[in-house]
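**Student:** Predicted model and sequence follow; I will ask about them next.
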Amino acid sequence: MSETPPAIPTEIYTTFCSGIDQAAVQKIMNALAVASQKGVKHLHMLFQSLGGGVGDGICLYNFFKTCTVELTVYNVGSIHSIAVIAFLGAKNRVANKHSTFMLHRTTGPALAVGVERLKSFAESVGMDDIRTEAILKERSPIAATQWG
């Protein structure tokens, strides 16, 4: 006689403690897709990250923002760099008095390149700053007078 597998709860809890890169984003997207297919209605994610790639963080921000599963993301320690942007994508966000956020302008590795390549890199970094700052202004409670 075969037993019926136990039902998956409609509310589940998970953790993410890693850098934001393509592999991590793919794992999160796949996990949320499976949860949705299995009938999960609300996912709680404990979130800790020192950041990572700008494009990957913005991808995760957009995914969190449009997620069909109710998503609550908790800052359980430190969220740095592009991980702050990803965090802001969640509809429900929780941080306690001991959690921290760290922001900075876009940076990149030191490169030994020619002038044209350096100009191209500077333009790319500038575009990333514009994208992340627009998300911060839209989704955070920072007053306009504090954007200096």
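**Tutor:** Structure's in. What do you need?

**Student:** going forward, measure contacts and count neighbours with C-alpha atoms only.
**Tutor:** Noted.

**Student:** what about the closest residue to residue 95 other than its chain neighbours, which SS state?
**Tutor:** The shortest distance from residue 95 to any non-neighbouring residue, by Cα to Cα, 6 or more residues apart in numbering, is to residue 75 (4.9 Å). Put simply, residue 75 is strand when judged by DSSP: H, G, I helix; E, B strand; the rest coil.

**Student:** thinking residue 75 is in contact with residue 48, fair?
**Tutor:** Yes: assessed by Cα atoms under 8 Å, residue 75 is found in contact with residue 48 at 6.3 Å.

**Student:** And these two? Which one has more around it.
**Tutor:** Comparing residue 75 with residue 48 by other Cα atoms under 10 Å, the one with more neighbours is residue 48, at 24 against 21.

**Student:** Check which residues of stretch 76-93 are buried.
**Tutor:** Residues of stretch 76-93 classed as buried by neighbour count (16 or more other Cα atoms under 10 Å): 76-90.

**Student:** Which members of these are positioned in strands?
**Tutor:** With strands taken from DSSP state E, the overlap with the buried residues of stretch 76-93 comprises 76, 77, 78, 79, 80.

**Student:** Quick check: phi and psi at residue 44.
**Tutor:** Phi and psi for residue 44, reported as degrees, to the nearest 10, are phi -100, psi 130.

**Student:** per-residue confidence at it?
**Tutor:** Note on residue 44: pLDDT of 97.

**Student:** Contacts only, for it.
**Tutor:** By Cα atoms under 8 Å, 6 or more residues apart in numbering, the contact list for residue 44 reads 11, 12, 13, 14, 71, 72, 73, 74.

**Student:** and if we set it to 10 Å?
**Tutor:** Counting by Cα atoms under 10 Å, 6 or more residues apart in numbering, residue 44 makes contact with 11, 12, 13, 14, 15, 70, 71, 72, 73, 74, 92, 93.
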